[in-house]
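Chemist: 3D, please:
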Amino acid sequence: MRTQTVEADIIVVGGGLAGVSAAVAAARLGRRTVLINNRPVLGGNSSSEVRVWVCGATAHGNQRWARETGIIGEMYRENQFRNPDGNPVYWDDVVLDTVRREPNLTLFLNTEVIEAEATGEDDARRVISVTGWTMGSEIRTVFRGPMFLDCTGDGLVGRLVGARHRLGKESHDEFGEEWAPEHPIREFLGSTLLFYTKDVGHPVKYVAPESAKDISTTPIPSSRIIRSGDSGAHYWWIEWGGQLDIVDDNERIRDELRSVILGIWDHIKNSGEFDADNLTLEWIGNLPGKREYRRFIGDHTLRQQDVLEQTSFDDGVAFGGWSIDLHPAEGMYATGAGAVQRFSDGVFEIPFRSLYSANVENMLMAGRNVSATHIAFGAARVMATCAAMGEAAGTAAAMCLDLGVTPRGLYREHREDLRQTLLRADASLIGVANADPDDLARSASVTASSTLRALATDDADAESLTLVDDLGIVIPVHPRLETTDLLLSAEGSTTLTAEVWSTGRRQNVVPFRLEHRTEIEVPAGDARWVRVPTPFSPDEPQNAVVVLRANPQIAVHTTEALPPGVLTLVHRVDNDDRNVEVDRDGLLVQWPTKPLRGKSVVFRALPETEALAPERATSGFNRPFGGPNMWASDPAGNGPQWLRLDWAEPVTASEIRLVFDDDVDIELNTLHHHRNPDEVMTTLVRDYRLEVQTSADGAWRAVAEVRDNRHRLRVHPLSADLGPFSAARLVVESTNGAREARVVAFRVQS
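Modeler: Predicted coordinates:
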């Protein structure tokens, strides 16, 4: 047997999206990093071996302005550009390229960790090494390093080194969770196999093999939706094993799932109930996509209350927005819904203390094995959220080595440094403002060629929409809102009831607290502008929701010109999926965006706003939080638009970081479950240049020029011989389609 020893700073085990993001984040911070994966491809459940779509905080479009940024955001956008048809094989290479372009990162595929060495007592364990076997190469490798990350999903490494963990459902009394059972139960969310079909253009017969299950003897035909045109993750409900041991019984679970797929296909092809003559079965997964197994115990256990109440943490390092999504232990054989879901009213935070082991001092974790109850795990387990946690854990691991502390020590002494480091990388944070002492832009005065101050939509090409549902117009307010003009028509003289609601938490966009109500007379006739008093003067920038109560005699008008920071809500509760039961009590499901996503009611908000002022790009947050938090130029501005920084005294810098707007309200599901037609986000700046003033004569010196940009974060190192400069300017020559230039962050790092 060949053996070798590999030493690195950080050892990441598990090549799903959590592990990939963790390893890439650590490598980008200069640490020698190893990524070990037991499969030939990366991506875990999202890989072409399993083919689950990558979902996250957007929750299939239910949450607003919720798409992840950072490393998973990069992969989302790259997949959108490379892979317009949602081919899972192409996605494999998006993930692989993300890993292989990092010079500090070494990848070991087809390598199963089979042993681990640790020292210390139960309360203070320390990982020394893990040992892997690479099939095909027949080599045994011992991986040694000071910091380890368990991103295996099942929690293999932590189990081998004695990390405390949980299995199954906690009791109601342990954490006071409303949805928890009275007594603890060793039950899990089950595993899934998927299948793909293909229309070959001619009749194809299907002879079911002996292993196919007769699904007519099961509840499946009556309790689940089966359609001949669906395939892949549409059949997420083919799930089983929740009453078994997900790991010990993995082979039995796989065989049962495969037998049911063959039985479903036999039903589709041969029952006579479907138009499926020309369809053939193109692919069946053979690797079960696991949802749940071990969850490690950290210094904080994420609870149902943290999700639904959107607890604010001083160590929040990632966010989620998926519903608490719980499945029956019987899986596909349950007679009730395949999933019961409850949404928070906006995205929720995940604390760093849930990402490191309480008793293994040099082990962090990310993905579906983090410190959470079974209930809270139901919301945190989806892959884009796992990737966001992975980036945070990988960043933390690198910082632990830089600072000479354990993960617990990093929390106690440097948690704000961790959050600022993540923010500098444009990671998935909510409610964290730029307080980086090394960002020189924070001390500069900021000006721009123009600014979008009039929040309004044009009535050209507007379409009439009868007010049969309550509508909500989300408007960023800074410093105040006084009136909202609406383009209305009415069949007869009538009254419009209009209200102003605040949203509670600043990341939310649903009506939470009534601030003002008024009734306005609307005369009969064709479209005309009607002024509505909508007073709202919050102490800090936040969103308002102007609610127009239903009146079928009135018609508003809608347009596809959606200004930055504006959304349209519809007060309607729809659910045509009998596979899913959604809790209706939450505000989010009562006020969906989906019916009018991408459209705006024709309106004019007064007075002019400062929500998109130049200083928003240097002193705010990296994503919508009480407003859009970006500079936007005036769409009526002529020629190139610029954003400028001036210092009282010359400064010396190492790099300039730019964050452009890629419209985080748009879901970019990897398999294009909701297909966005734009291969490049239209809101992104396309062509630009960076200039600095290095001399007293005011001449500008170009330090970077970019064409055909399609990325959100751009980092431009500055030459060491550049010397001091007194001003810096970003000149935007064109966008990828948006009418205005949009800049989320303009940072000048010392």
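
Chemist: quickly run through the sheet partners of the lowest-mean-pLDDT helix or strand in the chain, with directions.
Modeler: Counting by mean pLDDT, DSSP states H and E, the weakest-scoring helix or strand in the chain turns out to be strand 580-582, with a mean of 91. Taking DSSP bridges as the criterion, strand 580-582 sits next to strand 339-342 (parallel) in its sheet.

Chemist: near residue 470, how many other residues are there?
Modeler: By the criterion of other Cβ atoms under 10 Å, residue 470 has 19 neighbours. (C-beta placed from N, C-alpha, C; glycine too.)

Chemist: that one contacts residue 552, doesn't it?
Modeler: No: counting by Cβ atoms under 8 Å, residue 470 does not reach residue 552; the two are 11.9 Å apart.

Chemist: before we move on, back to that, contacts for the least confident helix or strand of the chain?
Modeler: 323, 336, 337, 338, 339, 340, 341, 342, 343, 575, 589 (Cβ atoms under 8 Å, 6 or more residues apart in numbering).

Chemist: show the subsequent helix or strand relative to it.
Modeler: The helix or strand immediately downstream of strand 580-582 is helix 587-590, counting by DSSP states H and E.

Chemist: and the closest residue in space to residue 635 that isn't next to it in sequence, how many residues sit next to it?
Modeler: Using Cβ to Cβ, 6 or more residues apart in numbering and skipping residues adjacent in sequence, the residue nearest residue 635 is residue 739, 3.9 Å away. A total of 17 residues lie near residue 739 under the criterion other Cβ under 10 Å.

Chemist: doesn't residue 739 belong to a strand?
Modeler: No: counting by DSSP: H, G, I helix; E, B strand; the rest coil, residue 739 falls outside a strand, being coil.

Chemist: and it, how far from residue 610?
Modeler: 20 Å (Cβ to Cβ, to the nearest Å).

Chemist: quick one, domains of this structure?
Modeler: Domain assignment of the chain by automatic domain parsing yields the ranges 2-167+298-325+345-424, 191-284, 440-451+612-749, 463-606.

Chemist: is it possible to export the ones you listed to CSV including distance to residue 184?
Modeler: Output for the domains of the chain, formatted as CSV (distance: least, Cβ to Cβ, whole Å):
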stretch, distance to residue 184
domain 2-167+298-325+345-424, 9
domain 191-284, 15
domain 440-451+612-749, 35
domain 463-606, 23
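
Chemist: where along the stretch 1-150 of the chain do the helices fall?
Modeler: Per DSSP state H, counting those that start in this stretch, the stretch 1-150 of the chain carries helices over the ranges 17-28, 70-82, 88-100.

Chemist: to residue 518, which of those helices lies closest?
Modeler: helix 70-82 (40.8 Å; Cβ to Cβ).

Chemist: list the contacts of the closest one.
Modeler: 17, 20-21, 24-25, 54, 56, 67-68, 90-91, 93-95, 97-98, 384, 387-388, 390-391, 422, 425-428, 662, 668, 670, 676, 678-681, 710-713.

Chemist: now it: how far from the chain's centre is it?
Modeler: Chain-centre distance of helix 70-82: 11 Å, with Cα atoms, centre = their mean, to the nearest Å.

Chemist: next one: stretch 146-156
Modeler: 22 Å.

Chemist: before we move on, what about stretch 196-214?
Modeler: Distance, stretch centre to chain centre, for stretch 196-214: 36 Å (Cα atoms, centre = their mean).

Chemist: hmm, back to that, most tightly surrounded among the helices of the stretch 1-150 of the chain?
Modeler: Highest mean neighbour count among the helices of the stretch 1-150 of the chain (mean count of other Cβ atoms under 10 Å): helix 17-28, with a mean of 32.

Chemist: got the angle for that helix vs helix 70-82?
Modeler: Between helix 17-28 and helix 70-82, the angle comes out at 110 degrees (axes from the mean of the first three to the mean of the last three Cα atoms, to 10 degrees).

Chemist: pLDDT of helix 17-28, averaged?
Modeler: The pLDDT scores in helix 17-28 average 98.

Chemist: go on, stretch 410-420?
Modeler: 98.

Chemist: okay, that stretch in PDB with CA atoms only?
Modeler: Provided in PDB are the C-alpha atoms of stretch 410-420 (Å, rounded to 0.1, in the frame of the first residue of the first chain):
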ATOM      1  CA  LEU A 410     -12.300  34.200  17.900                       C
ATOM      2  CA  TYR A 411     -15.900  34.600  18.900                       C
ATOM      3  CA  ARG A 412     -15.000  36.100  22.300                       C
ATOM      4  CA  GLU A 413     -12.200  38.500  21.200                       C
ATOM      5  CA  HIS A 414     -12.500  39.100  17.400                       C
ATOM      6  CA  ARG A 415     -16.100  38.400  16.300                       C
ATOM      7  CA  GLU A 416     -16.500  41.900  14.800                       C
ATOM      8  CA  ASP A 417     -13.200  41.500  13.000                       C
ATOM      9  CA  LEU A 418     -14.600  38.300  11.500                       C
ATOM     10  CA  ARG A 419     -17.700  40.000  10.300                       C
ATOM     11  CA  GLN A 420     -15.800  42.900   8.800                       C
END
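
Chemist: for it, which positions count as buried?
Modeler: Within stretch 410-420, the residues that count as buried by 16 or more other Cβ atoms under 10 Å are 410, 411, 414, 415, 418, 419, 420.

Chemist: settle this for me: the second one is touching residue 298, isn't it.
Modeler: No: with contact taken as Cβ under 8 Å, residue 411 and residue 298 are classed as non-touching, separated by 9.8 Å.

Chemist: one step back: widest-spaced pair of the buried residues of stretch 410-420?
Modeler: Pairwise distances among those were taken by Cβ to Cβ; the largest, 14.4 Å, belongs to 411 and 420.

Chemist: for residue 700, give me its contacts.
Modeler: By Cβ under 8 Å, 6+ apart, residue 700 lies in contact with 691, 692, 693, 729.

Chemist: what would those residues look like in CSV with distance to residue 433?
Modeler: Shown next, in CSV, are the contacts of residue 700 (distance: Cβ to Cβ, whole Å):
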residue, distance to residue 433
691, 27
692, 26
693, 28
729, 24
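
Chemist: in strands only, show me the residues you listed.
Modeler: Among the contacts of residue 700, DSSP state E puts 691, 692, 693, 729 in strands.

Chemist: ok, so what distance separates the nearest residue to the first one once chain neighbours are set aside from residue 13?
Modeler: Read that as residue 691. Spatially, and ignoring its direct neighbours in sequence, residue 691 is nearest to residue 700 (4.0 Å; Cβ to Cβ, 6+ apart). Separation of residue 700 from residue 13 (Cβ to Cβ): 50 Å.

Chemist: do residue 266 as well
Modeler: 40 Å.

Chemist: one more: residue 411?
Modeler: Taken as Cβ to Cβ, the span from residue 411 to residue 13 is 22 Å.

Chemist: likewise residue 187?
Modeler: For residue 187, the distance to residue 13 - Cβ to Cβ - is 27 Å.
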